[in-house]
Every structure is written in C-alpha cells, then in structure tokens.
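Prediction below, plus the sequence it came from.
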Amino acid sequence: MSNETGIDRAAAKRRRQATEAHAQSWGAGFFVKLTLMALIDALGVYGVWTAFKVGSTVIGTVLVVLLIVVNYVYFAKRALPAKYIVPGMVFLLIFQIYVMINTAYVAFTNYGDRHMGTKQDAIEAIVRNSQVLDPDAPVRPVALLLEGDEYHLAYVDEDGQAQVGGQDEPFAADPEATVEGDQVTAVPGYTTVQEAEFEGLGGTRPTKPVTDLLVPLSSDPNAGSMKVMATDFTRGQTYRPGVEYNEAEDALIDRTSKDGQEIVYKANNTTGQFEANGQRYPGGGGWKVMVGFDNFVKLFTDPEIATTFAKVFIWTVVFAFLSVATTFFAGLLLALVFNSDRIRGLKFYRVIMILPYAFPGFMSALLWKNLLNKDYGVINNVILGWIPGFEGVDWLTGSALTAQVSVILVNLWLGYPYMFLVCTGALQSIPGDIMESAKVDGAGPVKRFSKITLPLLFVSVAPLLISSFAFNFNNFNLIYMLTGGGPIPPGDSVNDPGGTDIMISMVYKLAGVGQNPDYGLATALSIIIFIVVGLIAVFSFRKTRSLEDVM
Amino acid sequence: MKRLAAVAAVAIGLTVGLAACGGGQKDDGKSNGDSGKSSVTLTVWVDETRINALKPIVGEYEKSAGVTIKLEQKNFDDIRADFNTQVSAGAGPDIAVGANDWLGELIANNLIAPVDLSTVADQLDERAVAAYTSAGQTYGVPYALENIALVRNNAVLSETKATTFDELIAEAKATGTEGSVLLQIGEEGDGYTSYPLQSSFGAPVFKQDADGEWTPELGMTGDPGHAYAQYLGKLGAEGVFSKSVTYDIVKADFQAGKAPYAIVGPWLVADWKAAGMDVTVLPVPSAGGQPAQPFLGVPGFFLSAQSKQQAAAQRFMINFLTAKDTQLALFDVGGRLPANTEAAADPKVVEDPIVGGFLEAGKSAVLQPAIPAMNQVWKPWGKAEADIIGGADPVATWDKAMADIQQAITAAG
C-alpha cells in the first residue's frame, strides 16, 4: 500500500513538473526574471519609440521583432533551448551580421570622396553654403513671426512701411502691422516670437527652422534674400543670390556667377551628383548612390587596379605562408629542445621564450621600426656596425626585398612564441608509451620524429596553422606599424602598392584619408578578402581531415 | 491559461510602468528647459593639448549662455578622418578643431556649415579670416596663426651670420656637431615643413590669380621646380637631409644638442622651451635666391553641417572661441600667435621672444592653399621630396610626381 502511494505521489509530482514549467512557477526566480524582462522591455520600448521618432524605421522594426522574440522565448513553455541561445544570437546579430550586411551594402555604392551623405544633406549644404553675406547691405532689426508652424520675418523699410515675408514668400508690405520706431512689434494673423523662447536661450522652440529660414527680398530671384543672424535673432542680414533647389526639375539653379548668368545643374541620380554640360557642381559634393557591381568590376577590369590587385594578392599569400612556416618551424624546434628534461632551469627559459608574445603586437612592431632605422637603428649601428666597411642597410625603405625580409623576420620574432606554446602542449600530449614501443622496435630518433611525433603533432596543430594563416593574411597591425605598406618604388604614385602592402593594408589605403577615400571600392576589396580567406579555410580543413585518417 | 494571462498582465504592467518612468524623466528635462535650464548640448572635438586650455574656462560660458558644452578629447590625427565619416553619416560633433587646409575638402564633401564672422571680423587677423573664406563664404573660426621658422640652439651656436641657406649649412657644419640643419622628412616626406626652401626657388605649389587667390594650376612645375628638386638631391647626397629624420628625431636630436639648427613649427619650440632649452627663432634663409616664404597655417574650429544646433554652435564659436581670453588660454598651451588681434597685442604674447621670432619669420608667409586640389598635392609631393633626398633622380622623380598630381586634380575635378 504504502509502496503504491509512494509511486502515486512521485507520478503526481512528475505530472505537476510537466505542466508547470520552471518558467512559470511563482517562485522568487520567476519574479527576478519578470523584473529583468520588464527592464529589457522598458528599454526596448524606449528604443523603439526613439528610433521611430528620429525616423530610423529599420532600427525600430528590428527592435520590435527582437522584443517580440525575446518575450516569446522567455515566457513560452516550449522554448527551453532558445533561452540559452537567444542572448548570444542577439549580440551576434548586432555585432556581426549587421556589420557584414552594412559592409556588403557599402560595396555596392559609390560611398567615398564627394559622395558621402544623402541627397537631402547635399542639397541642404549646397544651398546653405551658397548664401554669401552682402557686406554693403544694411543689417536690419527684424521680428520673428509665426503663422501655423511657418516662421516669417518682418522689418521696417526706409519709408517706415512694415515688410513681411517667409520661406519662398518674398517680402511684401503689410499696412496692418504695428510699427514702433524701426521695429515691427505685431502683425495681425501672426504670433510674434521672442528670442528667449528658443532652446538654449531660455525656451524650448527648436532653432533650426529659424537658422534655415531664407526670405527672398523681392519676387526677382536675383535680388537676394534675408536671413536672421545666427548669433542674434533680432537682426536680419542681406544675402546675395545663391543656389536654389528646384524640386520639380530636380535641379540646382546657381545664381552666384558674377555676370548674373543662371546655371542649371541637373541631378544625375545614377552618378550621385549635380551636373551641367558634363561638369559637376563645383561648390559642393554629391551624394551616395547604389552603383551595382561597378566596384567589383573595377577591381578586376581596370588595368591599373587589376595589376595592383594581382601584385598585392601574390605578396599577401607569400607573406602569410612564410609567416606561418617560419614561426611554426622556429617554435617547433624550440619546443623540441625545451621538451627535454635534462635542461636545468627549464621553466625560466620557457618564460623567456614566451616574452615576445606578452607584448602587444603593434608596440613591438613600432619598436622594430626604430631598431631597423637606417641611420639611427640599433641593428645597423650596434649589431652590424662592427663589420668593417658596413654602411648600413636601409631595411624598411631601401628596397621591396629588404622590407619584405624585415617584415617576415619581425613577424617571426612576434609569432614563434605562440607556435612554441602550441607545439610544447602538443608534444607533451603524445603518449610516452608509443615512443617507448617505437624505441623497442628499433626506430632511430629521426624516424621516431618523422613517423610518430610529426604526424601526431600535425593532427592537433594543423587547425591552428590554418587559423594562423588566416590571421596573417589580414595582419594589418604589423604591416601598418612597421612599413605602412612601403616602400613605394621611387617614381610610383602614393596610391600604388608598396613592396609590403598586403590586401588589408591596401583596403586601408583605399579608404584612407587625405587622398580621395573610396569606401565603396575598399569594402568591395574586403569582401574579396573574406571570400579568399573563407575558401582557404574550407579547403584546408578538408585536408586536415585526411591527416586524421592517416592515424 | 488564466495564469498565463495574469503573467502577461503583470509583465505588460511593469513594462509600461517602467517605460512611463523613462518618459517621465524626459518630461522633467523639458520642464527644466522651460524654467531656463539648458536643454542644448554642443559636442566639441578637441585634441589632447587644446582641451587643457578650454576645460577650465568653458564652464563660465556654459553658465552665462545656458548651454552644455561637451568637450570630447580626440587624437588630432584622427579628427579629420573621423569628422569625415561621422558627419557624412549624420552623426559626429557639432564643432571640431582643425586647420584651414582642410577647408576645401570639407566643403567639397558638404561636411561643414558657414559661420557668420561679420560681427567679429574686425577683431580677428585679416589673414586668419581669409584662411577661412572660400568663394566669399566664411566657414569656422580661426584661433591662431602659425608658420615654420628656423630655430637655433643657443647652447651650440650663439650667433647667425648666414644670409643664404648654403652659408647656414657651412656655419652649422663649422660647429662640429653631428648634424647641421634638422628638417623632418621621414619616408613620406613633408612638403609643409620644407616649403620655405621650395618657395625660395620661386616654385609655389599653385599659381595665384590677380586677386591673390590660389588657382588649381600647379606652380612648381618646370625649371624652378627642377632647381629645387636638384638642390634637395644635392643636400640628400651630402647627408645634410635624410629620410631617416622624422619628427621624433628632430625633437630628440635638437634637444640633445646634436645640431645647431632645426626648421620647425611653434609646437616643437614649446616642448623645447618646456625642457629648459635656450633657443632663438629666426626666418629661414633663402636657398634659391628668392624670399623663403613658409606657409601660414591657421588652426581653428569648424561647424558641422549636420549640427542640429546651428544657432547655439555659432554663438559659442563667435562669443567664446574668438574671445580674447579663450585665445590667450589657447596661446598658453600651444605658443601660437592668437588670431584675435587684442589677444595678439597682449603683453604676454608681445613680449615673448619666441612668438616674435615666428612672427618675423612669418612676415613673408603665404596662406596655405585651401582649394580642394591641395588635397591631391600633399602625398605625392612629400613622397617625391623624400625619394629625391633618398637618392632618386631629382628631375625625373619631380616630374613624375607633378604629372601624378595634375592627373589626380583633373580626375577629382
């Protein structure tokens, strides 16, 4: 009996557990979760609200979706595995996927010098920058008027008559306005706005509509216009005719030329700039547009860029391969030597060996740059300086070959400790009895190394060699800090690749500042790098699988 | 089901409650604005030295103007690139420190907004305002004037008799020091610092039109340019100039007394003075027969085209950044001649022999071209100089660089 009830009780408990998921039991944990979720939701709702308020629909929508997913996962019964995966996935989405999508997007645009922002920004900046102050015209006291949410300006002209006008509404006399001295104080139908009502000046009204307000002086567009002074909203200044954007024509009308000639620059929405007779508008830039596969086509077909690309690609592969090969064999050699128990102070030596690994790579690269300086560097002056007749080698800037050798050697110095660590670990994990039995079977040290140690070592080290190759393929720090990609042969242009430029430093050069950044082309190149590294990784991992088969 | 509904109700209730709290704080902020407290924040990018000048004095302006000024420290070398990328994406600061030679590129990319200097123009150095003017429009506020000059280490050499650059080298060599005239070159060259030498050969970067405005037509091609290139090649071969000499080496070697002369800007002299050196600042003697004209650089502050607070930002720039006290504070950290004429006439500026020396050396200075084409010049130009000093054929290297620059200018339009 008692036995039966015991079973019944246990069964009932199991049933209860099944229906009441841990997520929904009303314990303390549940309330902690509820509070945390409420906090997340509150933040999320706030984020969604802000995103839509500033017009970022995409971010807002993504946030809404994420919020719904997160709430579903943590309140639903069935989503137990998802509870563990979701936080990671969210961050992956934000920090990886978003970056990748954005990079891919930029690669298909002409984002770069003179195609930086949106068309709206370009128009706004061009129109604003073209408004040049007329230094001879009087500065007048003005009144700011509000009709609905449109600002207007009013001033008293030479005849004592009040003039009122707004954006695209030329000044016109308003006989009903109240004039006191040289100041318009009230106009029927308008609310007078004081300076103190604006944000940062004591009030809350945004100032942008006022600083953007441009009132034509008359219906003749060549008469110029009036703007309030940004530093004093009670005074208006006269501006010469500038550039106007005509929405119907989608064109800029430039009235700034000295001979009074109007030039119409039509918007070209495929190149992303304003053009007239094949000339782009000189007073400002264009905007960012989608250009399809143009950047990729340019990489492979533009003869100059294509040869550059090929040259840099070859050196990148050579550099990455030699870096891995030299560091691996140096590391392996040291690991073998220091794997012997007969050495005294083994731990001390091992620590010393690993030291270069402990310094930040970019700092070591900078140090080496100075050590290798032709006239001031320690290498030339001290280490090689005793050789009679030695004049010093211009390591980093002399020729492509010396620079390449220097880069590989410095990378050897930087990279062998890692390989030393890895190999030491791998060697110690090789079971001693295998070696013992090999010895018993009469295998010599060379045979034991080549037939047993090395294959066993490769099984555990090969994936690391591949990742090391991928790392060096994109080893920007070293190249940038040590040689900056140079030396560029005398006579070549600065945008040509230098002797040690790898693909990623070339990307940096393309996207660099000062010399016409072309982010579109640079991101296209970085996508190519991604594909190349991906292919190498896939191919090599296939190969390593066959290594394991040998065993 | 009931239970689930209850859970959902609690969750929604808490969410809304918390969101409302968030909203409530927002409303509080607004009501603060009504009662006269600041609701406007201006973000200003400043480099590590200038931030020290502005930080202590900006609080007073914040109080009187009712705005919040957020000074963000940036590495000066990063400001230009970051300003480009961030402002073009609709973000970035309201105001950033910079130099007048950025003007052309910033305008060409729609990144900066005009600043109305009409109310303060008479308080500012005319050349400084001109440096921030493009096509009649004024952008940003200048705060100082700077130029390259010759600096003598009085501990090594106490008198300069030389009137030409060749004599100067001879004089320096006679002291028996390791170096003679230190000039930073580096692997990428430095056209800015060596410009006094180049201009003395009558080879200006660009031709100037009748009004003195720079045109995008190269002025350093042909014979004058070749003469300068050959001179550089000669000095390189003689070991007077070397590609190994970088900014850091000039700084260290001059301080160590390894050379009597250095061609540098005021920023380095400030460091040397701080290190207790006794130095004299002189004009650079002519190398090619014509006056040695350094570039006149005008550091200043730019207003972002994406700033939502154009009015507040312009008020801050006009009322604070161009003010005498601000410019004197900036003088204290940088040693550059203030652009504010009243500040420039302050005893602490006038009586400074270093500033006087730079002023004398800068009398013949020419405004650094701010046209967009200048942007295509720097790198190929510097590299050609470095290559020539490193032993490349002077005329061929120079011509190739000029052709490249011309091509880049044409391509960029």
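Great, that's in hand.

Please enumerate the strands of the stretch 51-200 of chain B.
Shown for the stretch 51-200 of chain B, the strands assigned by DSSP state E, counting those that start in this stretch span residues B:68-73, B:95-99, B:133-134, B:137-138, B:141-142, B:144-145, B:149-153, B:181-183.

residues in the stretch 101-250 of chain A within reach of chain B, list them.
A:113-114, A:116-118, A:121-122, A:124-126, A:128-133, A:135, A:198-204, A:206-208, A:210-211, A:229-233, A:237, A:240 (Cβ under 8 Å from any Cβ of the partner chain). All C-beta atoms are positioned from the backbone trio N, CA, C, and that covers glycine.

If any of the residues you listed are buried, put those into a ChimeraX selection.
In ChimeraX syntax, the buried subset of those is picked out as below (16 or more other Cβ atoms under 10 Å in any protein chain shown):
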select /A:113,114,116,117,121,122,124,125,126,128,129,130,131,132,133,198,199,200,201,202,203,207,210,211,229,230,231,232,233,237,240
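
Sort out for me which of the residues of the stretch 101-250 of chain A next to chain B are in helices.
Here DSSP state H is the test, and those give A:121, A:122, A:124, A:125, A:126, A:128, A:129, A:208, A:210, A:211 as lying in helices.

So, low pLDDT: which residues of the stretch 1-150 of chain A?
Regions of the stretch 1-150 of chain A meeting the criterion pLDDT under 70 cover residues A:1-25.

Kindly recompute the last result at 50.
Residues of the stretch 1-150 of chain A that meet the criterion pLDDT under 50 lie in A:1-2, A:4, A:18-21, A:23.

ditto for chain B
B:1-2, B:14, B:16-37.

Quick check: the residue nearest the centre of it vs residue B:135, distance?
Geometric centre of chain B, nearest residue: residue B:99, 3.7 Å, by Cα atoms, centre = their mean. Using Cβ to Cβ, to the nearest Å, one obtains 19 Å as the distance from residue B:99 to residue B:135.

and if you look at residue A:448?
For residue A:448 relative to residue B:135 (Cβ to Cβ), the value is 80 Å.

for chain A, what are the nearby residues on the stretch 201-350 of chain B?
B:242-244, B:249, B:305-306, B:308-312, B:314-315, B:318-319.

Just the buried ones from those residues, in ChimeraX syntax?
Buried residues within these, by 16+ other Cβ under 10 Å, are selected in ChimeraX with:
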select /B:242,243,244,249,305,306,309,310,311,312,314,315,318,319
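
quick one, what contacts the closest residue to residue B:162 other than its chain neighbours?
Excluding the flanking residues, the one nearest residue B:162 by Cβ to Cβ, 6 or more residues apart in numbering or on different chains is residue B:168, at 4.0 Å. Residues in contact with residue B:168 (Cβ atoms under 8 Å, 6 or more residues apart in numbering or on different chains) are B:150, B:160, B:162, B:181, B:261, B:285.

repeat that with 7 Å
Residues in contact with residue B:168 (Cβ atoms under 7 Å, 6 or more residues apart in numbering or on different chains) are B:162, B:181, B:261, B:285.

Relative to chain A, how far out is it?
Using Cβ to the nearest Cβ, to the nearest Å, residue B:168 is found at 21 Å from chain A.

returning to that earlier point: what residues are recorded as beta-bridge partners of the residue nearest to the centre of chain B?
residue B:299 (DSSP bridges).

My guess is it contacts residue B:297. True?
Yes: the pair residue B:99 / residue B:297 is scored as a contact, 5.9 Å apart, by Cβ atoms under 7 Å.

circling back to that earlier point, would you point out the most distant pair within the ones in helices among the residues of the stretch 101-250 of chain A next to chain B?
A:122 and A:210 (22.3 Å; Cβ to Cβ).

Domain boundaries for the chain, per the record?
Going with chain A. Domain ranges of chain A: A:16-107, A:119-280, A:297-550, per automatic domain parsing.

wrong one, I was asking about chain B
Split by automatic domain parsing, chain B gives B:38-142+B:299-338, B:149-296+B:369-412.

how far does the shortest one sit from the chain's center?
Right, the one you point to is domain B:38-142+B:299-338. Computed by Cα atoms, centre = their mean, to the nearest Å, the chain-centroid distance of domain B:38-142+B:299-338 equals 12 Å.

Then stretch B:367-385?
14 Å.

Stretch A:277-292 too?
24 Å.

check whether it contacts chain B.
Yes: shown here: stretch A:277-292 in contact with chain B (Cβ under 7 Å from any Cβ of the partner chain) through A:280, A:283, A:284, A:285.

and the strand or helix carrying residue A:348, which residues are buried?
Here residue A:348 sits within helix A:346-358, counting by DSSP states H and E. Buried residues in helix A:346-358, counting neighbours by 16+ other Cβ under 10 Å, are found at A:350, A:353, A:356, A:357.

and that helix, what's its mean pLDDT?
Summarised as a single mean, pLDDT over helix A:346-358 is 83.
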